[in-house]
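Peer 1: Got a predicted model here, sequence first, then my questions.
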Amino acid sequence: MKKPLFKIAALIVLSLSLAACSSLKNKDKTRGWSANKIYQEAKSNLHEGDYEEAIELYETLEARYPLGRFAQQAQLETAYAYYKFEEPDSALDAIDRYVRMNPRAKNIDYALYLRGLVNFTRGNSFVDRFLPRSIADLDNVRQKESFHDFSNLLTRYPNSKYAGEAQMRLQHLRNALAQSEVNVGKYYMQRGAYLAAFNRAEYTIKHYQNAPAVVDALVLKIKSARKLGKNDLATASLRVLKTNYPNRASKAIK
């Protein structure tokens with residue numbers, strides 16, 4: 001009875017060993033490849049949309065040839081691959097690592113732009129598009145980070161080839177963030193949290209000048225100031241509203 005059991009056990013061990021060897025062989029397909037070969041293969045996968053494979057090859061390249069001329073570019077392209085693979089946290093980690101390790105690299109402006117882009121597109125998932133968002137989501141933390149990223153790019157590299165697109169996205173973010181602040185302020189106003197509403201209005205006016213929502217922020221500031229008994233502030237804000245947006249002044253008077 002023992003011999004058959006022994007044979008079965010031996011066959012199982014042999015099968016597992018063969019499977020393991022086969023797995024290792026498939027996994028280590030880059031054995032003997034040069035840095036250039038791995039890089040070109042990774043780039044090809046990236047262009048073809050096989051982001052997972054591209055990431056694996058880029059990381060293999062960096063691990064095997066950390067001081068080679070392809071390693072630095074692989075770091076940045078890994079970040080882009082993670083972005084396209086919809087892994088924003090990994091993309092941001094890769095970008096920050098690239099900037100930290102290569103502070104004087106010629107592509108730092110692109111890294112900053114990519115960071116802004118990753119944060120800009122966060123929250124655009126299927127769930128976010130088709131399910132209503134709660135009031136807590138109106139703080140838009142990632143949009144604020146994107147705003148900071150694009151602002152940082154424009155401050156440090158105003159002549160970058162990515163500056164024009166960064167400026168357009170920055171304007172979009174300014175308008176969206178301003179409207180978000182006003183929406184939260186209105187929410188507070190409806191619930192009798194007049195000081196919180198007043199603070200949101202002031203913040204919008206101060207930080208998002210020229211955004212369309214600034215008009216609503218002025219109206220909100222006037223109404224919340226009245227509720228708080230700050231009539232002087234309400235009068236001064238109404239004067240600003242009448243001077244700059246006369247057609248909206250009647251809404252604040254009501």
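Peer 2: Sure, I can see it.
Peer 1: Tell me, how many residues neighbour Tyr110?
Peer 2: 21 (other C-beta atoms under 10 Å). For every residue, glycine as well, the C-beta is placed using N, CA and C.
Peer 1: Could you verify my assumption that it touches Gln75?
Peer 2: No. Here Tyr110 lies out of contact with Gln75, judged by C-beta atoms under 8 Å, at a distance of 12.0 Å.
Peer 1: Sketch out the low-pLDDT regions of this protein for me.
Peer 2: The model of the chain has pLDDT under 70 over residues 1-27, 123-139, 249-254.
Peer 1: Report the helix of it that spans the greatest number of residues.
Peer 2: Of all segments of type helix in the chain, defined using DSSP state H, the longest is helix 163-190.
Peer 1: Next secondary structure after it?
Peer 2: helix 194-207 (DSSP states H and E).
Peer 1: which residues are contacting that next one?
Peer 2: Helix 194-207 has contacts (C-beta atoms under 8 Å, 6 or more residues apart in numbering) with 178, 181-182, 184-186, 188-189, 211, 213-214, 217-218, 220-221, 223-225, 227-228, 230.
Peer 1: all helices of the stretch 51-200 of the chain, in order?
Peer 2: 51-64, 71-84, 88-101, 108-121, 126-130, 141-156, 163-190, 194-207 (DSSP state H, counting those that start in this stretch).
Peer 1: is it possible to export those to JSON lines including distance to Lys37?
Peer 2: Listed next are those as JSON lines, based on distance: least, C-beta to C-beta, whole Å:
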{"stretch": "helix 51-64", "distance to Lys37": "9"}
{"stretch": "helix 71-84", "distance to Lys37": "13"}
{"stretch": "helix 88-101", "distance to Lys37": "22"}
{"stretch": "helix 108-121", "distance to Lys37": "25"}
{"stretch": "helix 126-130", "distance to Lys37": "37"}
{"stretch": "helix 141-156", "distance to Lys37": "34"}
{"stretch": "helix 163-190", "distance to Lys37": "34"}
{"stretch": "helix 194-207", "distance to Lys37": "50"}
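Peer 1: Of these, which is nearest Asn36?
Peer 2: Nearest to Asn36, of all the helices of the stretch 51-200 of the chain, is helix 51-64, at 9.5 Å by C-beta to C-beta.
Peer 1: Alright, I will stop here.
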